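Undergrad: Quick one: sequence plus predicted model below, questions after.
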Amino acid sequence: MDVFLDEFFNAEVMLKYLPEIIDGFWVTLWLAFLVVVSGLTFGLGLALLRAYQNPVVNAAIILFVDLFRALPPLVIIIVGFFGLPFVGIRLSGFLISWLSLTCVLAAFTEEIYWAGITSVNKGQWEAARSTGLGFGGTLFFVVIPQAIRMTIPPLTNRTIAITKNTALASVVAVPEMLTVAQTSLAYAANTSPLTLAAAGYLLIFFPLTMLSRWIETRFAWKR
Amino acid sequence: MVEWEVIRFSFFNLETLQEIWPMLWRGWLMTVQLCVAVVPLGFFAGTILATIYSLRIKSVNAALIVYVDFFRSVPPLVLLIYVTYGIPLLLGADIDAFVAVLFAFTLNSSSYFGEIVRAGIESIPKGQMEAARSTGLTTLQAMRYVILPQALKNVAPDLTSNTIELIKATSIASVVALPELLRMGRVAQGLVYNATPLIAVAVIYLIMLWPMVRLLSRLERRMMSSR
Amino acid sequence: MARVEPVVEALAIHKSFGDLEVLKGVNLTVAPQELVFIIGPSGSGKSTLLRCCNLLEEPSSGVVKITGEDITAAGVDINQVRQRIGMVFQSFNLYPHMSALGNVSLALRKVKKQPRAQAEAKAQEALERVGLAHKADAYPTELSGGQQQRVAIARAIAMEPDVMLFDEPTSALDPELVGSVLEVMRELRKSGMTMVVVSHEMRFARDAADRVLFMDAGMVVEEGPPDEVFGAPKHERTKAFLASVNGH
């Protein structure tokens, strides 16, 4: 037991590396925030674009979505960071991680938004159009409000699952929480800094996970 | 035109591909082994968790929810590094990297699978369990023969989706030096000094997973229209 | 005359859900080959009483005996007992992922541990008794409501129970499908099956029941042969209920 505590919960080691972990925490939080905002917006943009039913545009969207749903995020990040320099494109690890995760989140959420939009009964479209509402008006005032209710639970779940991948940025030298923890772990020869980092992730994601659980039961009752 | 030549040389270099192909092949085999072990393991562990949850024992369920939410909140990479660095230090002996990866992924994926199967079980009307019990089946028999077959069918798209996610996630085992596909791609890239191995890795993942993503889209659409 | 052991003996059954007391000390005794009919307004507790008889609902207090065996006692294997108590539900509750034959043979195979061939032969026989031998391979969604309920009856009788409980077996059916189900129940009665039926089919009660119980607000208000209860009810509440039912 003592070995266990000393190895994973060593107060002395924790205290020593806490300031650096906190620095990393802010980087993680900032990256996560950026990914959520840009990913959700980009995804919504794609879904709205798809609603216009232009065959060429839709084929491109579907290709994009399939690609980023099929590729592991770490592969995308590594290709971006270690591959692109060979053709003269050098982006920072932070930028690569942000862009990669944004595309992944956008791909997944586009599908969710789209499923929401198509789930709204065709009669709703016809009813709204029959009252003289235009395409945009029908979409924004009639269809989207109904679609939102259906999409919120999968949207929160997926957003959390993908945003957790900010930890992958450690592979491309972004000074986020896991990177800092791994460096500290190497210096200290002790796992406690990693415990701190894990606690940091819990601090961000545990409330969100519980929130998503609450949303799920909440919306299930109303059905 | 020069640019295209650069791209071809760095990204789609056939000579390089030929040279490193055996490495990628070995990496791919390791990835397949990993998936073949971890997908069933996570699925069965998750199904067991969901079955226990359906017994509605209050304190047990509270513990299950904490377990599930905990492992859904910690990034798998953090868990993986924790397990691979922590356990050897704790035991004072090395553990096989494959076993460590398996352990970390089972913890993580059983939570996701558990949530999916639980939702499936809850989608089955109460009368099914009652009818089964009224003929003398035990709770577990009713689960096995009546509830789970229907529940798993109802959540087939989510199960497929989670399987895809899990297969993708095995790529992070490269970080702890397990010689799977991505790891071998990076090692190869270090040898040949161009990006072709990485592109090849991406293409191999696409060949593996794109059909599954397409299948998933079809499954999802079918579920939607049958509702 | 020697006392015949009742098939079902439920004594002083109380059942509460939270603060709501649904059964306030009810007695129900069913003799062999008897058909007891339970009527009453919705919320009177009649379905709950029925579900207490095979412990789908655990009574808050009271004793349930099946052929003399106290099944509410500690240590009773309820799954053993339930083989001997068939139940038919309002919403059929057929297993949608199994054929009619699969529905009927499941418990034979898994509870009675019969080999598949034997269980299926037995199940086929039960389907024949409800007139659906030709639908053995059909899935529930391919059957009409009446046919589904008859498969559900077959599922129960295949276990050769000592008693059958019917919980509003025709309430979810379209009117034109009710007759086929009642016909099967009449056949069962003729073959000597002991039955407890909760239902609103008053005509069927008059024709087929040996005894009628009228329940209201968690208690048995009146009980007797159908001619008495329907022809000359003693209690005001019984009269009011019968009047409201006949009014429709």
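TA: On my side now, so go ahead.
Undergrad: Show me what from chain B comes close to chain C.
TA: Counting by C-beta under 8 Å from any C-beta of the partner chain, chain B comes close to chain C at B:125, B:127-128, B:130-138, B:141, B:145-146, B:149-150, B:153. Where you see a C-beta, it was placed from the backbone N, CA and C, and this is true even at glycine.
Undergrad: List the contacts of stretch C:62-77.
TA: When contacts are defined by C-beta atoms under 8 Å, 6 or more residues apart in numbering or on different chains, stretch C:62-77 is touched by residues C:5-14, C:25-26, C:52-53, C:55, C:59, C:78, C:81, C:84-85, C:162-163.
Undergrad: Just those: which are in helices?
TA: C:C52, C:C53, C:I78, C:V81 (DSSP state H).
Undergrad: sorry, back to before: mind checking which of the residues of chain B next to chain C are buried?
TA: Buried by 16 or more other C-beta atoms under 10 Å in any protein chain shown: B:128, B:130-138, B:141, B:145-146, B:149-150, out of the residues of chain B next to chain C.
Undergrad: Could you list the low-pLDDT ranges of the chain?
TA: Picking chain A for this. Within chain A, the ranges that satisfy pLDDT under 70 run A:1, A:220-223.
Undergrad: if you could check chain C rather than the one you did, that'd help
TA: In chain C, residues with pLDDT under 70: C:1-3, C:247-248.
Undergrad: Would you map the helices across chain C?
TA: All helices of chain C, identified by DSSP H, fall at C:46-53, C:78-82, C:100-110, C:116-129, C:145-157, C:175-190, C:202-208, C:226, C:236-246.
Undergrad: With distance to B:V68 and neighbour count added, can I get the ones in helices among the contacts of stretch C:62-77 in a markdown table?
TA: Listed next are those as a markdown table, based on distance: C-beta to C-beta, whole Å; neighbours: other C-beta atoms under 10 Å in any protein chain shown:
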| residue | distance to B:V68 | neighbour count |
| --- | --- | --- |
| C:C52 | 35 | 25 |
| C:C53 | 38 | 23 |
| C:I78 | 31 | 16 |
| C:V81 | 36 | 18 |
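Undergrad: which ones among these come in contact with chain B?
TA: C:V81.
Undergrad: of the ones in helices among the contacts of stretch C:62-77, closest to C:V198?
TA: Lowest distance from C:V198 to the ones in helices among the contacts of stretch C:62-77 (C-beta to C-beta) belongs to C:C53, with 10.6 Å.
Undergrad: Restricted to buried residues, select the contacts of stretch C:62-77 in PyMOL.
TA: Filtering the contacts of stretch C:62-77 down to the buried ones (16+ other C-beta under 10 Å) takes a single PyMOL command:
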select buried, chain C and resi 6+7+8+9+10+11+13+14+26+52+53+55+59+78+81+84+85+162+163
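Undergrad: before we move on, the earlier item: let me have the helices of chain C in CSV, adding distance to A:G88 as columns.
TA: Shown next, in CSV, are these (distance: least, C-beta to C-beta, whole Å):
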stretch, distance to A:G88
helix C:46-53, 75
helix C:78-82, 73
helix C:100-110, 65
helix C:116-129, 69
helix C:145-157, 70
helix C:175-190, 76
helix C:202-208, 87
helix C:226, 95
helix C:236-246, 87
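Undergrad: Test my guess that A:L101 contacts A:N165.
TA: Yes. With contact defined as C-beta atoms under 8 Å, A:L101 counts as touching A:N165 (5.7 Å).
Undergrad: joint contacts of these two?
TA: Contact criterion C-beta under 8 Å, 6+ apart; residues shared by A:L101 and A:N165: A:P73.
Undergrad: Let me see the ranges of the helices in chain A.
TA: Using DSSP H, helices in chain A cover A:2-8, A:11-51, A:55-70, A:73-78, A:93-119, A:122-130, A:135-137, A:144-163, A:177-188, A:192-222.
Undergrad: could I get those as a markdown table with mean neighbour count and distance to B:N108?
TA: A markdown table is the format used below for the helices of chain A (neighbours: other C-beta atoms under 10 Å in any protein chain shown; distance: least, C-beta to C-beta, whole Å):
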| stretch | mean neighbour count | distance to B:N108 |
| --- | --- | --- |
| helix A:2-8 | 13 | 18 |
| helix A:11-51 | 18 | 18 |
| helix A:55-70 | 16 | 19 |
| helix A:73-78 | 24 | 15 |
| helix A:93-119 | 22 | 18 |
| helix A:122-130 | 12 | 40 |
| helix A:135-137 | 12 | 43 |
| helix A:144-163 | 19 | 11 |
| helix A:177-188 | 22 | 15 |
| helix A:192-222 | 18 | 13 |
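Undergrad: separation between C:P225 and chain A?
TA: Going from C:P225 to chain A by C-beta to the nearest C-beta, to the nearest Å gives 47 Å.
Undergrad: which ones are touching that residue?
TA: If a contact means C-beta under 8 Å, 6+ apart, then C:P225 has C:D210, C:R211, C:V212 as its contacts.
Undergrad: Also A:V174?
TA: Each residue near A:V174 by C-beta under 8 Å, 6+ apart is listed here: A:V27, A:L31, A:S92, A:G93, A:F94, A:S97.
Undergrad: Would you reformat the helices of chain A as CSV and include distance to C:H200?
TA: Below are the helices of chain A laid out as CSV (distance: least, C-beta to C-beta, whole Å):
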stretch, distance to C:H200
helix A:2-8, 66
helix A:11-51, 51
helix A:55-70, 54
helix A:73-78, 60
helix A:93-119, 39
helix A:122-130, 36
helix A:135-137, 51
helix A:144-163, 38
helix A:177-188, 66
helix A:192-222, 31
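Undergrad: thinking again about what came up before, name only those of the contacts of C:P225 that count as buried.
TA: Buried by 16+ other C-beta under 10 Å: C:R211, C:V212, out of the contacts of C:P225.
Undergrad: quick one: which of the contacts of C:P225 sit in strands?
TA: Taking DSSP state E, the ones among these that sit in strands are C:R211, C:V212.
Undergrad: In this structure A:V172 contacts A:L99, no?
TA: No. The criterion here is C-beta under 8 Å, and A:V172 misses it with A:L99 at 11.6 Å.
Undergrad: If you drop the residues flanking it in sequence, what lies closest to the one residue sitting closest to the centre of chain B?
TA: The C-alpha lying nearest the average C-alpha coordinate of chain B belongs to B:L166 (C-alpha atoms, centre = their mean; 1.8 Å). Nearest residue to B:L166, sequence neighbours excluded (C-beta to C-beta, 6 or more residues apart in numbering or on different chains): B:S109, at 5.2 Å.
Undergrad: residue contacts, B:P179?
TA: Per C-beta under 8 Å, 6+ apart, neighbours of B:P179: B:R26, B:G27, B:M30, B:V187.
Undergrad: Most neighbours among the residues you listed, which one?
TA: B:G27 (26 neighbours; other C-beta atoms under 10 Å in any protein chain shown).
Undergrad: was I right about that one contacting B:R186?
TA: No. Using C-beta under 8 Å, B:G27 makes no contact with B:R186, being 9.5 Å away.
Undergrad: so who does residue 94 touch?
TA: As the question left the chain open, I've gone with chain A. Counting by C-beta under 8 Å, 6+ apart, A:F94 has contacts A:V27, A:L31, A:A169, A:V174.
Undergrad: My question was about chain B, not that one.
TA: Per C-beta under 8 Å, 6+ apart, neighbours of B:D94: B:P88.
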